[in-house]
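# The following comprises the amino acid sequence and a computationally predicted model.
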Amino acid sequence: MRFRYVIFLSLLGLFLISCGGGNSPGVLPTIRVSVAPASASVAVGQQKQFSASVSGTNNQSVNWSVVGAGNGTISASGLYTAPTSVPNPALVTVMATSQVNGADSGTAAVTVTSAAQNVTVVVSPGTADVATFGTKQFSAMVNGTANTAVTWQVNGTSGGSKQFGFVSSSGLYVAPSGVPTKSDGQGGSVTTTVTVAAISQADASAKGSAVVTLTVVGQNAQSGAIKLGSSGSNSKDSSVSGQTITCCGGTLGSLVARGGTQFILSNNHVLARSDSAAAGDAIANPGLVDNNCAAATTVANLTQFYNLETGPLPRVDAAIAQVVAGKVDAGGNILYLGATVDGNGVPVAAAPRAGTGIAALIGEPVAKSGRSTGLTCSTVFATNVNVQNVQYQKGCGTGTTFNVSYTNQVDITGGSFSAQGDSGSLIVDQNTADPVALLFAGSDVDTVGNPVSAVLNFFKSGANSVTFVGGGAHQVIGCTLPVKPQSAGLTVSAQASSESLQLATKVRDAHAAELMAPAAVQAVGVGASYDNPGEAAVVFFVTQGQSRAGIPAVVDGVRTRIVEGALFARRGAISAEDTQAMEQSVAPPQLVYTIAESEVARAKIVHAAHVDEWMNKAGVQGMGIGSSADAPGEAAMVIFTVRGVAHEAIPAVIDGVRTRVREGSRFRAGFGDKEPHRVCSAPATTANQKINSNKLPH
């Protein structure tokens, strides 16, 4: 999910600003001037507005200048006017100098170009359907200039990214493993398109683009015995209202066996219509939602489901359906889950590891293959998660609604890990394909799954246990594809308010001597907390590998954050600006860290003691155990809050364990979820009946 921007300063800049700190009498303050934009192209005789920001002083006044005669002029307000002819060299410098200290200035690079031309770029084809893992060649036609070179981008990123796909310098697009998602505006996620664009290198304002719709081959209709991870539904999962039909569907997740009989495993709200179905109901592939709301091939018959409203603890959203002979791959193969690729570079289908699965671990890399987004890969964000008031609706687009609360769930980070229609997918370990959880709900930032141990335990019958049909351990190779330069890993960013930074500075200064006392501490600054974005933290710069003994998790109610490194450029108490600059010398903080079992055990005690209390608080929808981003290696109580709903202040620690706030939309499973761009066209049951937009469980 999705805070990606981390600002990097050059090493030179770090040393230039490393002489700051407290000001002595007669010593000018440490001032920094930055100019925006940092670079620009301006045609001869044309104008460009620049702005300057000044830190380290309340006086924001600057003097503007252009370096070199004949390179144009600039007004007192920063409005640059290019000369009437291209200078030699064409690259000129615009400078803003602080009026407080003339030695402090910032610059911007301006390329003066010849008279503006009517440059246009057309990308062909303008639209394309591309299968996940597939490729598509695009071309760009540049008119209005002799320079026909272009820079290719995907969703605004030159060269593309692992999430949206890559594009080569010649316009060859390589699709990602999964279909990307976007918010549906109601707290859920739906699939979306990507944009491949070509930018003229002669005129950066000239751009052409193509819209790419990513598809998942085989995820819907299949011939012969179907593989799992594909579309399915109860054949009765539709409703009629006036002149419209609404139909639903989800994912046929995996194959399990009990007493020698094989069953499809998915969610109750996919196979059993949220407690509304009856044993024996036909289970269809593809689901009604992918078959124009009409009946499809019956591949199984509903056998048993956990009753969401009256079932015993622990609650699970699960159902099994006995397979029809010859209609389902008896090996339990799941689309795209293999350790090898076919001749086109697409991962082959493969079964999960046979057996009863494994317990999820914080930071564990996981994958799933689902009806809507295909193969997606992410990380376990939290375990032992209690989730309350997950919303359901009896019937497809109609009927009463009800809420279900769950305990001991698995939370997967990233709203893009799943979308509406992926419910029922089996979540597995990326490295071994061991089953971990059964996907059933999500928000716009997370996905939630039932631990497989609870699911299998519910369906056991006497001496007959339930196991996953599969093979040996293997890698899910699709999570490493496409093989192109990849963007940075999951990082976290945050920004604190000026008021909270002032409070953190006051607290730091009041305790400076004792905070600097631990042997590992090199410097103490102030910055944003990553465990609770929006709050400030006292930041400790410590020697990597040394004991953290004596470093508190909270000081006078203010959180603390730990940054490890070998040797930092500053010592003592440093400013917020110097804190930010010094952080650039180490790797950016990660969204999820692995933590030792001893840390998990420590957190479990605190979780058990306080989870009921926190689950009854307004604005809180979940509480689990995760990793702290402020103190890598330490556990954290993850408090899941509902965006837009007021909640009481969350303390920095609970019984000595740090807290981490995870804000998102409400968790939902099969209630109010629509896929607005899919329109059914099946024959209506009455002469003039229309088909409504398909409703999809999460």
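Ah, there it is.
# so what pLDDT did S114 get?
S114 carries a pLDDT value of 79.
# Run a quick neighbour tally on it.
S114 has 12 neighbouring residues, counting by other C-beta atoms under 10 Å. C-beta here means a position set from N, CA and C on the backbone, and glycine is covered the same way.
# correct me, but it touches V44?
Yes: contact between S114 and V44 holds when scored by C-beta atoms under 8 Å: they sit 6.3 Å apart.
# Beta-bridge partners for G449, please?
G449 forms beta bridges with V410, L439, as assigned by DSSP bridges.
# By residue count, tell me the biggest helix in the protein.
The residue-count maximum for a helix in the chain (DSSP state H) belongs to helix 597-615.
# So for the helix or strand just after that helix, what gets flagged as buried?
Reading on from helix 597-615 to the C-terminus, the next helix or strand found by DSSP states H and E is strand 620-627. By neighbour count on 16 or more other C-beta atoms under 10 Å, the buried set for strand 620-627 is V620, Q621, G622, M623, G624, I625, G626, S627.
# dump the residue contacts of the nearest residue to A573 once chain neighbours are set aside.
Distance criterion C-beta to C-beta, 6 or more residues apart in numbering; nearest residue to A573, sequence neighbours excluded, is A512 at 5.1 Å. Going by C-beta atoms under 8 Å, 6 or more residues apart in numbering, A512 touches V524, G572, A573.
# from those, which is closest to T73?
A573 (43.7 Å; C-beta to C-beta).
# rewinding a little: quick one: the longest helix of the chain to chain centroid distance?
Put simply, helix 597-615 sits 26 Å off its chain's centre (C-alpha atoms, centre = their mean, to the nearest Å).
# longest strand anywhere in the protein?
Determined from DSSP state E, the single longest strand within the chain is strand 374-393.
# From the contact counts, what lies against that strand?
If contacts are counted by 3 or more C-beta pairs under 8 Å, 6 or more residues apart in numbering; DSSP states H and E, strand 374-393 sits against strand 365-370, strand 401-413, strand 435-442, strand 446-451, helix 597-615, strand 620-627, strand 635-642.
# So which of those is nearest S183?
Among the helices and strands packed on strand 374-393, the nearest to S183 by C-beta to C-beta is strand 435-442 (11.7 Å).
# hmm, who's touching the longest helix of the chain?
Contact partners of helix 597-615, identified using C-beta under 8 Å, 6+ apart, comprise 362, 383-384, 386, 388, 405, 620, 622-625, 633-637, 639, 654-657.
# helix/strand/coil for the closest residue in space to D556 that isn't next to it in sequence?
Nearest in space to D556, with sequence neighbours left out and distances taken as C-beta to C-beta, 6+ apart, is V507 at 4.7 Å. Reduced to three states with DSSP: H, G, I helix; E, B strand; the rest coil, the structure at V507 is helix.
# Let me see the ranges of the strands in the stretch 551-698 of the chain.
Using DSSP state E, counting those that start in this stretch, the strands of the stretch 551-698 of the chain run over 554-555, 558-565, 572-573, 620-627, 635-642, 653-654, 657-664, 674-679, 690-691, 693-695.
# can you put the ones you listed in CSV and add distance to T84 and mean pLDDT?
Shown next, in CSV, are those (distance: least, C-beta to C-beta, whole Å; pLDDT from 0 to 100):
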stretch, distance to T84, mean pLDDT
strand 554-555, 60, 97
strand 558-565, 51, 97
strand 572-573, 53, 96
strand 620-627, 60, 98
strand 635-642, 58, 97
strand 653-654, 65, 98
strand 657-664, 54, 97
strand 674-679, 51, 34
strand 690-691, 64, 40
strand 693-695, 58, 45
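# With distance to G442 added, can I get those strands in CSV?
Formatted as CSV, these follow (distance: least, C-beta to C-beta, whole Å):
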stretch, distance to G442
strand 554-555, 32
strand 558-565, 28
strand 572-573, 44
strand 620-627, 12
strand 635-642, 12
strand 653-654, 26
strand 657-664, 9
strand 674-679, 14
strand 690-691, 26
strand 693-695, 16
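# Minimum distance to P482: which of the ones you listed has it?
So among these, strand 674-679 is nearest, using C-beta to C-beta, at 25.3 Å.
# now for the helix or strand where V539 lies, which elements pack on it?
V539 belongs to strand 536-543 when elements are defined using DSSP H and E. If you count contacts as 3+ C-beta pairs under 8 Å, 6+ apart, strand 536-543 packs onto helix 498-510, strand 521-528, strand 558-565, helix 576-583.
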